[in-house]
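Student: quick one, structure for this:
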Amino acid sequence: MEEWRQCGRWLIDCKVLPPNHRVVWPSAVVFDLAQALRDGVLLCQLLHNLSPGSIDLKDINFRPQMSQVGGGWMAGLGRGC
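Tutor: Next up, the predicted model:
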């Protein structure tokens, strides 16, 4: 299995992606995983799930962002997403 598919499956197992997310569809491509990760929200949810209390989910903006324009989400990781 390709590594990006393993990553998608792991994100589902960690309960940050739904079980039927398109990353596990037979027609999925690596771009589908990239789209899921594009704004950093999923990574913040993953951090919260792996280390409860490490970040406050109330501080996360769950609205879809235009990652192609901004790209500043990485700086947010240092501020707790």
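Student: at the geometric centre of the chain, which residue do we find?
Tutor: Leu42 (2.5 Å; C-alpha atoms, centre = their mean).
Student: wait, doesn't that one sit right on Cys14?
Tutor: No: counting by C-beta atoms under 8 Å, Leu42 sits too far from Cys14 to count as a contact (9.8 Å). C-beta coordinates here come from the backbone N, C-alpha and C atoms, glycine included.
Student: for the helix or strand containing the residue nearest to the centre of the chain, buried residues please.
Tutor: Element membership of Leu42 [criterion: DSSP states H and E] is helix 41-50. By neighbour count on 16 or more other C-beta atoms under 10 Å, the buried set for helix 41-50 is 41-48.
Student: would TSV of the residues you listed with pLDDT be doable?
Tutor: As requested, those are exported to TSV (pLDDT from 0 to 100):
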residue	pLDDT
Val41	89
Leu42	92
Leu43	92
Cys44	90
Gln45	91
Leu46	95
Leu47	93
His48	92
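Student: return the member of these nearest to Val24.
Tutor: Among the buried residues of helix 41-50, Leu42 lies closest to Val24 (C-beta to C-beta), at 14.8 Å.
Student: ok, now how distant is the closest one from His48?
Tutor: Look at Leu42 and His48: by C-beta to C-beta, to the nearest Å, they are 11 Å apart.
Student: just the buried residues of the host helix or strand of Arg9, please?
Tutor: Using DSSP H and E, Arg9 sits within helix 3-13. By neighbour count on 16+ other C-beta under 10 Å, the buried set for helix 3-13 is 4-5, 8-9, 11-12.
Student: pLDDT wise, what is the nearest residue to Pro19 once chain neighbours are set aside at?
Tutor: Spatial nearest neighbour of Pro19, chain neighbours left out: Ile12 (5.7 Å); criterion: C-beta to C-beta, 6 or more residues apart in numbering. We have a pLDDT of 98 for Ile12.
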